[in-house]
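S.K.: need coordinates for the following:
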Amino acid sequence: MTSGDFPDTDRPPEPETEGTPASEAPPEEQDWKEKAGSYMEQLVRLQAEFVNYRKRAEKEKAEAIRFGREAILERAAALLDVLESALRHSREAKDVDSFRKGLEMVVGEFVRFLKQEGAEPLKTVGEQFDPHLHEAVEQVEAEDESQNNVIIEELQKGYVSNGRLLRPARVKVAKSAKKEKPS
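M.R.: Predicted structure coming up:
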């Protein structure tokens, strides 16, 4: 016997098939492979679309912020014009009243600017102190018990915008002289 007469023992035997070549899969398996390939292509496309969507959304957000800043800066420049005009006129002012009127005009412009941007001043004097809205800078003795924890003076305005606190008001608060007895 020659070496070609013996089966090759190092290789596993070839699987027997019923007349189908080994490279062809049954029709059900072929359909499944086509569907899987189609789903994979669709998944890759959707992933790419989502990445592009996120990039586009981030770019649009950045542009909106930039445009918002530009609008505010444009209005701030107009306020600076008013301040510079008031400064020029203050040099020519002969009396304190005209200087005060010019300053009141500038303050009025700033108040309008803040309101147009959605900022509203907090109500303080006569209101109950709220640590979420107010910063107590000073405490004084209350005249009577009904004035306990009531704001008697505003030292610096606080502002809210769309229900959010921009800056707390700095206030002077009345406190009752009575000490609570521990129970």
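S.K.: next, the buried residues of the helix or strand of the chain with the lowest mean pLDDT.
M.R.: The helix or strand of the chain with the poorest confidence is helix 96-116; it has a mean of 84 (mean pLDDT, DSSP states H and E). Across helix 96-116, burial judged by 16 or more other Cβ atoms under 10 Å covers 99, 102, 109, 113-114. C-beta here means a position set from N, CA and C on the backbone, and glycine is covered the same way.
S.K.: what's the answer for stretch 154-172, then?
M.R.: For stretch 154-172, by 16+ other Cβ under 10 Å, it's 154, 157-160, 167-172.
S.K.: so of those, which ones are in strands?
M.R.: Using DSSP state E, the members of these that fall within strands are 154, 159-160, 167, 169-172.
S.K.: average pLDDT for stretch 56-63?
M.R.: Average pLDDT, stretch 56-63: 93.
S.K.: quick one: residues in contact with it.
M.R.: With Cβ atoms under 8 Å, 6 or more residues apart in numbering as the test, stretch 56-63 has no contacts from any other residue.
S.K.: would you map out the domains in the protein?
M.R.: Domains of the chain are assigned by the TED database as 33-117, 121-177.
S.K.: doesn't residue 176 make contact with residue 145?
M.R.: Yes: if you go by Cβ atoms under 8 Å, residue 145 and residue 176 touch, sitting 5.6 Å apart.
S.K.: returning to what we had before: pick out the shakiest of the domains of the chain, pLDDT-wise.
M.R.: It's domain 33-117: among the domains of the chain, that one has the lowest mean pLDDT, namely a mean of 86.
S.K.: so what's the gap between that one and the chain middle?
M.R.: Put simply, domain 33-117 sits 13 Å off its chain's centre (Cα atoms, centre = their mean, to the nearest Å).
S.K.: of the buried residues of helix 96-116, which is the nearest to residue 66?
M.R.: Nearest to residue 66 among these: residue 113, at 19.8 Å, using Cβ to Cβ.
S.K.: returning to that earlier point: in a markdown table, list the domains of the chain along with distance to residue 24.
M.R.: Formatted as a markdown table, the domains of the chain follow (distance: least, Cβ to Cβ, whole Å):
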| stretch | distance to residue 24 |
| --- | --- |
| domain 33-117 | 12 |
| domain 121-177 | 67 |
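S.K.: any idea which of these is most buried?
M.R.: domain 121-177 (a mean of 15; mean count of other Cβ atoms under 10 Å).
S.K.: quick one: the helices in the protein?
M.R.: Taking DSSP state H to define them, one finds helices in the chain at 27-92, 96-116.
S.K.: what angle separates the first one from helix 96-116?
M.R.: Inter-element angle recorded for helix 27-92 and helix 96-116: 170 degrees (by axes from the mean of the first three to the mean of the last three Cα atoms, to 10 degrees).
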